[in-house]
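J.: Pasting a predicted model and its sequence here:
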Amino acid sequence: MKEIALIKGNEAIAEAAIRTGVDAYFGYPITPQSEVLEYLQLQKPEERTGMVVLQAESELAAINMVYGAAGTGKKVMTTSSSPGISLMQEGISYIAGAELPCLIVNVVRGGPGLGTIQPSQADYFQATKGGGHGDYRLIVLAPASVQEMADFVDLAFELAFKYRNPALILSDGLIGQMMEKVELPEPKERFTTFDQSWVITGKTADRERNIITSLNLDPELQYEHNIKLQQKYERMKEDVMFESFQTDDADFLLVAYGSSARICQKVVDVVRGRGKKLGLLRPITLFPFPTEVISELSRRVKGILSVEMSTGQMVEDVRLAANGRVPVYHYGTFGGKIHSPEDVLNAIEEKFIGGF
Amino acid sequence: MKEIALIKGNEAIAEAAIRTGVDAYFGYPITPQSEVLEYLQLQKPEERTGMVVLQAESELAAINMVYGAAGTGKKVMTTSSSPGISLMQEGISYIAGAELPCLIVNVVRGGPGLGTIQPSQADYFQATKGGGHGDYRLIVLAPASVQEMADFVDLAFELAFKYRNPALILSDGLIGQMMEKVELPEPKERFTTFDQSWVITGKTADRERNIITSLNLDPELQYEHNIKLQQKYERMKEDVMFESFQTDDADFLLVAYGSSARICQKVVDVVRGRGKKLGLLRPITLFPFPTEVISELSRRVKGILSVEMSTGQMVEDVRLAANGRVPVYHYGTFGGKIHSPEDVLNAIEEKFIGGF
Amino acid sequence: MKKNLSEDFSMEDSLEQIIQEKNLVYRPTRLMTGATLSYCPGCGHGTIHRLIMEVVEEMGIQAETIGVSPVGCAVLAYDFMDVDFTEAAHGRAPAVATGIKRLWPDKYVFTYQGDGDLAAIGTAETIHACNRGEQICIFFVNNGIYGMTGGQMAPTTLEGMVSSTTPYGRNVEQMGPPLKITELVAQLAGTYYVSRQSIHKAATVRKAKKAIRKAFEVQKEKKGMAFVEFVSNCNSGWKMTPNEANQWMEDHMFPFYPLGDIKVDGKLVKNVIQDL
Amino acid sequence: MKKNLSEDFSMEDSLEQIIQEKNLVYRPTRLMTGATLSYCPGCGHGTIHRLIMEVVEEMGIQAETIGVSPVGCAVLAYDFMDVDFTEAAHGRAPAVATGIKRLWPDKYVFTYQGDGDLAAIGTAETIHACNRGEQICIFFVNNGIYGMTGGQMAPTTLEGMVSSTTPYGRNVEQMGPPLKITELVAQLAGTYYVSRQSIHKAATVRKAKKAIRKAFEVQKEKKGMAFVEFVSNCNSGWKMTPNEANQWMEDHMFPFYPLGDIKVDGKLVKNVIQDL
Amino acid sequence: MAKVRGAIVVDIERCKGCEVCVVNCPTDVIAMSKDVNSKGYHYAYMEHPDDCTGCTNCAIVCPDGAITVYRIKN
Amino acid sequence: MAKVRGAIVVDIERCKGCEVCVVNCPTDVIAMSKDVNSKGYHYAYMEHPDDCTGCTNCAIVCPDGAITVYRIKN
Amino acid sequence: MTEEIIIAGFGGQGVLSMGKILAYSGIMQDQEVSWMPSYGPEMRGGTANVTVILSDNRISSPVLHSYDTAIILNQQSLDKFESAVKPGGMLLYDPNGITRHPERKDIKIFQVEAVDESIKLSSKKTFNMFVLGAYLKLHPIVTFENVVKGLKKSLPERHQHLIPANEKAIKRGMEIVREMK
Amino acid sequence: MTEEIIIAGFGGQGVLSMGKILAYSGIMQDQEVSWMPSYGPEMRGGTANVTVILSDNRISSPVLHSYDTAIILNQQSLDKFESAVKPGGMLLYDPNGITRHPERKDIKIFQVEAVDESIKLSSKKTFNMFVLGAYLKLHPIVTFENVVKGLKKSLPERHQHLIPANEKAIKRGMEIVREMK
Ligand SMILES: Cc1ncc(C[n+]2csc(CCOP(=O)(O)OP(=O)(O)O)c2C)c(N)n1
Ligand SMILES: Cc1ncc(C[n+]2csc(CCOP(=O)(O)OP(=O)(O)O)c2C)c(N)n1
Ligand code: SF4
Ligand code: SF4
Ligand code: SF4
Ligand code: SF4
Ligand code: SF4
Ligand code: SF4
Ligand SMILES: [Mg+2]
Ligand SMILES: [Mg+2]
């Protein structure tokens, strides 16, 4: 029987990390995600599973510890929130360039700058388009419940190792701080079966040196390297994930991820209750983005509303998917303000004039 | 009579900064832009104009020195290249959040990670969509010549002070390292006529404290602050800038900025020489993006090719502008490899089948 | 007899007679804004704020003073001290202050930073601003913990000390020993005055204020960096009452972070090595 | 007479007789890959690489050793030293090495860093890795300049020294004095062995190699951080010939950066304060 | 012999009831009220006003700047 | 008395002509060639082979690891 | 069945843990639950609130702007949340420190003098359990047995000995709650 | 008129400054110019090249993959750029150190023995000026006077005394250039 717990999203991440055999965590405190490190330290994962947990001197150090440790081919992660994730951009670009698997969690808060510590979804661009320099992409997963906070840790590592690419869980303060009933993941061996031939272990006589680097002084080689990366990003499409709520017969479509999707679910319930055909498409992977299904739906619905706790970021990807076929609107609150189902309802009434 | 010089793009930035009365420069060496700091130090700007020049201990320190100094209401700048700019993302988000005018120059090189030191345009997303956290935008100018490297310094400050917003010059190693004939800007007083009421000067009896901050613990206030920022970003559209080459009668359109636009100019010349109607639209401001003119042109041309030294970034904004009216293709080299006019010609032949 | 005398006096001198403007011997400085401090009851931040403002008031330099607040409990310092302020990113206050001071060389610039801010994430900026001898004051509040984010371990957390990220006490094998950053910066040529103070007792408050005054005087004369550490309590983070916390501080913090001047007039006045 | 004797010998022993495998007394270690070094003629990086590999060879730990290369001229160190390597972002090598070592506690991990990398942008990572006493070796090449990017001022650039960003000499008023980071880290409890060496003369090379050996031994015994600085030339950046540069180094660098052990067996063996 | 007499005024609304003043008063003048202020804190007051010497100790250690001190010399 | 005799072999293509070996040879054995190698460097060679004691000084200071040393005792 | 509750008061009054016990109790009887706190910078004092949802179905939005029940423990919270109770819903409050009492006519209003009672019984630490008891009396959405199970689950080891006191407080809270007319 | 030139050789041979003088000379006679170097990490030795364009019209692309003229100073550069000369274009090279000579038949090929001549005249530092002279003899796109002006502009103060030597070298270069058949 599965073990049930009532825990915060942040704690779910930490507990899942221990259970699914994450080898190391390096992090630095920042609201609203400090519970991850705190929970780990309390649980003595060194004793439970041998997991290494270290509080770094900064997010900069943390991401570079992750970079170093990820080169050992083990499962390594960090968590932070918006300003801390910004500090990691150089390091993330290096990890992507060196093609290392690892997990980064951003429990987003309102920005820009110091902003607020309240929930936000305004780091979508940074997560999906590469906040760091150079052409790279992260695998981006957007959990919408505490259960998914727990489940996505292992999922993220599966994908990260499959593609040798950093994965990012884009959560927010709402899901991080909220408690829900969670089925805890089954304990898993601290061991991965992924190809480890590239790993730094110390060079033995039977092989060439393994080198973890993102440098190619020769632009021709770097060009080739970029092509390889692009092909990998293309391949990731096979792992695109989303969830549909009543989209089959929908006249109008909401697109929302993470906590906004939770709120929109309620909206769909309410609107359906009024007999109107509203559907919700929830991207689970933000990269790869579920472009195809939205493109498909855009042929069937009369309009699309992208709902985000931002001034309008994912809406661009939705528009690119709809490619002018139907109007694509944006509704958002931001700066740490959370929209209520009522807010979204109002926006729907306003945008889909006559629609409801 | 104007003074003519043969200097590198990087030196043009530095000389223009001295001449147009920039008050301070804080920076850290990185190829391919170290000449900016080197040129400044050689010129003794402290003596020439009183300009402050300081080599910081890192890009992190540099951007935060800029943040501090910009609060004095003076003209303050930094320059770096891709990895260094990634390190600045937290600071840039703070500056945008606190609404401080300043100038950041990114002389882009190939990424991701340490990548190469050769020219690239792969930091477009980072520059235009906010590589840092939270909803903010930079004013982004893309020079295509050494002359514009010189001219855009003052232009950037004009815009930065007009909107109290950080401006970024998105250049690359090609323009930074290249020498061209430059008309040097007229010397200008080290003085700005912009509103300085918000500046930290020391609180006098006749006013309230001036506070530079990006913090609003109350999400309602941060929400209001974000709305104010959004309105500002909307207003910036009045300063959108672009250059058209033979777009009036064009059947097909190239869109390219910066050094790619230089290469595409040659392509237009060649193709026009063959009697085919190719045009080029060069965005000068990447934010605000010339969405309207491209949208307009998309009603008239048969296809659009976005040419960038990246795996495809600006092309998204071009697609959003074309909104499905015509096919929008991408052609790019990347990773520090520069495309030649011939490369682009081939791409045109391939994409616009039958077009040429 | 004395007591009787005293009782006599109390008969004549009613409180009303004493509490008169002419008898005023201490009022909180007007350079505190009056806004309710956001700090926990008994937290030292308020006292340090007030002392800084008293010195600014006494030196008459309000109109020339700019503060830089950190990310930490004192992030809102600008709501309380009535001078112009810039709020810096976590750890970057010395760089921010450098930027301000280089452009306003004749104004007074100070940073106000916690131990997480100054000695963890901001280590590089601290060391280099001190090494360059920036003409600023750094006021460094060492409460051995990250107060604002809920009491996590700071670089200054003592060995064995419990925090929310060292629930079983700081294990120096794993996490390293507490860092005496003040002793380190004292050795840099750019620092001119370095001192460690506390503000939990009336006597130490008086000394601390003198140190703050000295720091501003150093800045006035452009002699280099003036760096004053305040060992203070975070009763919330330590999970004690304020008075318990202050007592614990005397018993545990002071032996490791001894009070007093460390560098005066550009010269070390203490064997900083021994103390490390 | 002696000379005659010598001439006699030269008659008998032709070069062919001497140059035989059995007479071999020195060959460059096989743990250098053989790739042509990307360094300028006479640059010390090559020698330091070789010494590290000689020690790794002698200790027989190639299969357990992982290097971390910096951003700096030695960025391509992994092309030359025949061990597994990770290339770190500018200044972050100590954090990267921490990550590796914490997961491979029984392997040997070393960083190789320049003065810009270690003492400017990487100051925080350096101080904190040393303070935590990470069980790694840091090999720190102090050439007083940013070699790779074209000879800009480093934190270690001497007073008055010309570089591409101090074309009129380092002005310590503006830019601060050179920073002796090695003396600072020697004072942290986490460092167990700290030494300063040079590799421009045969005698100093021999000493330097001993220091490297000692550093690896410390790591073997998990005693804490072993930190070895090499004062070296950047003849390109200094705009001198290699031999001029080495002479200049003796005349100018060594007085400020005196050679020798600073901390041995966890104890300071030098008055680091005096030297600051 | 001239006797110094003092008095303090506590800004009840600013007081957070931390009791730091209490232990810093050399003559044990101060105690905490039974009542709470509008923020729910028990505030400081002079329980033994006669013993106050106006030494200002309490005021200068008060983190919230809640105390004003008066003194007369008789 | 037994006399030590040495010899060095310079890997001409590895040598970058830095001359560090030259000043480090106690017996002034080494000089720089007039010719250049394929990278354009004048390389080191034994100008006075008879004086070489095989002390290895030159080899251990050579940044490019271009020198191998042999020695015999007679 | 779905019950959407806001609990609001001063930090330190046990608002969050009351919500947590409620949520745990829900789990004990196989309900879906969510517990969404307000959060802010660490500071003693200040206000705190938590939204708790118990439901037989999957819970969509954990964020609400209107509630079936509001449990209110200070004036600021009353000012903020009185209007957020759904028509026909319920407001339960402790009158201690309240200067402006609730006025709505379209909801049911109840008082529990938990502060006074907890002082009276020298049981200040279980103050929030009196309130919880009052709530359970009015809305027995979870059984007493499950609440005790929830308590056991949510209290750390070192506080398990407090369970009897808590049980007592809950029961007493059930007795002293009264409707306002 | 537009002239697109690549100059390539070892670092230290004065490739970049030759290009710079040429560009300056162009400016002196009111042409548009661009000068685009290869750049890399600081290291003595290695190869260096620069693309120089002189034109009467606005210069579009400063990056080229084919050239009117290639000036080649070592074998690697010859290998790289021989094929990039436009048909009908010109290749000028110094035979010193060249093991595989240019072979194209559709371009004009010239030699200047600048290394030898500069050694002969003990003027190794002005080596690149012999090459420049040779080029100018073949392509007098800028006048000698303007080249001297360009020299003056591009040399830093401390090297101005070298101008006469440079002038001499240019003139000598003009004399010793010869076409290969
Ligand atoms: C880049 C970044 N990382 C982390 C944080 C979160 N954070 C805020 S305050 C703080 C620590 C504050 O501790 P300290 O400097 O000791 O100040 P105190 O609150 O103890 O006075 C942290 C880690 C942040 N805001 N930004
Ligand atoms: C974040 C970042 N900033 C700056 C640079 C540019 N950079 C490369 S190497 C270097 C300095 C190297 O100097 P040092 O560490 O002293 O090494 P050396 O080359 O002298 O051996 C700099 C600033 C970079 N690559 N990344
Ligand atoms: S958390 Fe600690 S440092 Fe922050 S206000 Fe409270 S007592 Fe002071
Ligand atoms: S630039 Fe300096 S440090 Fe770099 S290889 Fe050359 S001499 Fe060595
Ligand atoms: S002024 Fe002195 S004597 Fe009076 S209450 Fe305060 S501390 Fe006590
Ligand atoms: S020190 Fe101040 S805040 Fe604390 S109890 Fe005394 S008067 Fe109140
Ligand atoms: S081995 Fe010794 S004696 Fe022989 S050449 Fe080398 S340094 Fe000179
Ligand atoms: S030290 Fe080595 S590289 Fe330098 S000249 Fe001698 S043999 Fe050649
Ligand atoms: Mg602290
Ligand atoms: Mg260096």
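T.: Thanks, I have it. Ligands and ions are numbered 1, 2, ... in the order given.
J.: Please name the residues that touch the residue in chain E positioned nearest to ligand 7.
T.: Taking C-beta to the nearest ligand atom as the measure, chain E has residue E:63 as its residue closest to ligand 7, at 71.6 Å. Where you see a C-beta, it was placed from the backbone N, CA and C, and this is true even at glycine. With contacts defined as C-beta atoms under 8 Å, 6 or more residues apart in numbering or on different chains, residue E:63 is in contact with C:37, C:39, C:41-47, E:16, E:18, E:20.
J.: Name the nearest residue to residue G:124, ignoring sequence neighbours.
T.: Here the nearest residue to residue G:124 in space, its sequence neighbours aside, is residue G:118; by C-beta to C-beta, 6 or more residues apart in numbering or on different chains that works out to 5.1 Å.
J.: which residues touch that neighbour?
T.: With contact set as C-beta under 8 Å, 6+ apart, residue G:118 has these partners: G:124, G:126-127, G:130, G:169.
J.: returning to that earlier point: filter the contacts of residue E:63 down to the ones in helices?
T.: Restricting those to those inside helices, with DSSP state H as the criterion, leaves C:45-47, E:20.
J.: any idea how far ligand 9 is from residue C:51?
T.: 18 Å (C-beta to the ion, to the nearest Å).
J.: Mind telling me what element that residue is part of?
T.: Assignment of secondary structure by DSSP states H and E places residue C:51 within helix C:45-59.
J.: Does chain B have contacts with that helix?
T.: No: applying C-beta under 8 Å from any C-beta of the partner chain, one finds helix C:45-59 out of contact with chain B, separated by at least 10.2 Å.
J.: Packing partners of that helix?
T.: strand C:108-114, strand C:137-142, helix C:202-220 (3 or more C-beta pairs under 8 Å, 6 or more residues apart in numbering or on different chains; DSSP states H and E).
J.: Touching that helix from outside, list them.
T.: Helix C:45-59 is contacted by residues C:28-32, C:37, C:39, C:62, C:65, C:67, C:73-74, C:77, C:80-83, C:108, C:110, C:112, C:139, C:141, C:199, C:205, C:208-209, C:212-213, C:216, C:220, C:230, C:232, E:60-65 when judged by C-beta under 8 Å, 6+ apart.
J.: Roughly how far does whichever residue of the stretch 51-200 of chain A sits closest to chain G sit from residue A:6?
T.: Among the residues of the stretch 51-200 of chain A, residue A:179 lies nearest to chain G; the distance is 3.9 Å by C-beta to the nearest C-beta. Applying C-beta to C-beta, to the nearest Å, one obtains 5 Å for the distance of residue A:179 from residue A:6.
J.: anything in contact with each of the two?
T.: G:20, G:23, G:33, G:35.
J.: how many neighbours does the last one have?
T.: Going back to what we said before, that points to residue G:35. 28 (other C-beta atoms under 10 Å in any protein chain shown).
J.: From ligand 9, how far off is residue A:12?
T.: Looking at residue A:12 against ligand 9, where the rule is C-beta to the ion, the gap reads 28 Å.
J.: can you give me the helices for chain C?
T.: If you assign secondary structure with DSSP H, the helices in chain C sit at C:2-12, C:15-18, C:45-59, C:93-103, C:115-116, C:123-132, C:172-175, C:181-186, C:202-220, C:235-238, C:242-248, C:254-256, C:272-275.
J.: contacting residues for the closest residue to residue C:233 other than its chain neighbours?
T.: Leaving aside its chain neighbours, residue C:233 sits nearest to residue C:245 (3.8 Å; criterion: C-beta to C-beta, 6+ apart). The neighbours of residue C:245, taking C-beta under 8 Å, 6+ apart as the test, are C:42, C:233-235, C:238.
J.: In JSON lines: the helices of chain C, plus mean pLDDT and distance to residue B:228.
T.: Output for the helices of chain C, formatted as JSON lines (pLDDT from 0 to 100; distance: least, C-beta to C-beta, whole Å):
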{"stretch": "helix C:2-12", "mean pLDDT": "45", "distance to residue B:228": "60"}
{"stretch": "helix C:15-18", "mean pLDDT": "91", "distance to residue B:228": "51"}
{"stretch": "helix C:45-59", "mean pLDDT": "98", "distance to residue B:228": "30"}
{"stretch": "helix C:93-103", "mean pLDDT": "98", "distance to residue B:228": "23"}
{"stretch": "helix C:115-116", "mean pLDDT": "98", "distance to residue B:228": "31"}
{"stretch": "helix C:123-132", "mean pLDDT": "98", "distance to residue B:228": "30"}
{"stretch": "helix C:172-175", "mean pLDDT": "96", "distance to residue B:228": "43"}
{"stretch": "helix C:181-186", "mean pLDDT": "97", "distance to residue B:228": "39"}
{"stretch": "helix C:202-220", "mean pLDDT": "98", "distance to residue B:228": "36"}
{"stretch": "helix C:235-238", "mean pLDDT": "96", "distance to residue B:228": "34"}
{"stretch": "helix C:242-248", "mean pLDDT": "98", "distance to residue B:228": "40"}
{"stretch": "helix C:254-256", "mean pLDDT": "97", "distance to residue B:228": "48"}
{"stretch": "helix C:272-275", "mean pLDDT": "73", "distance to residue B:228": "49"}
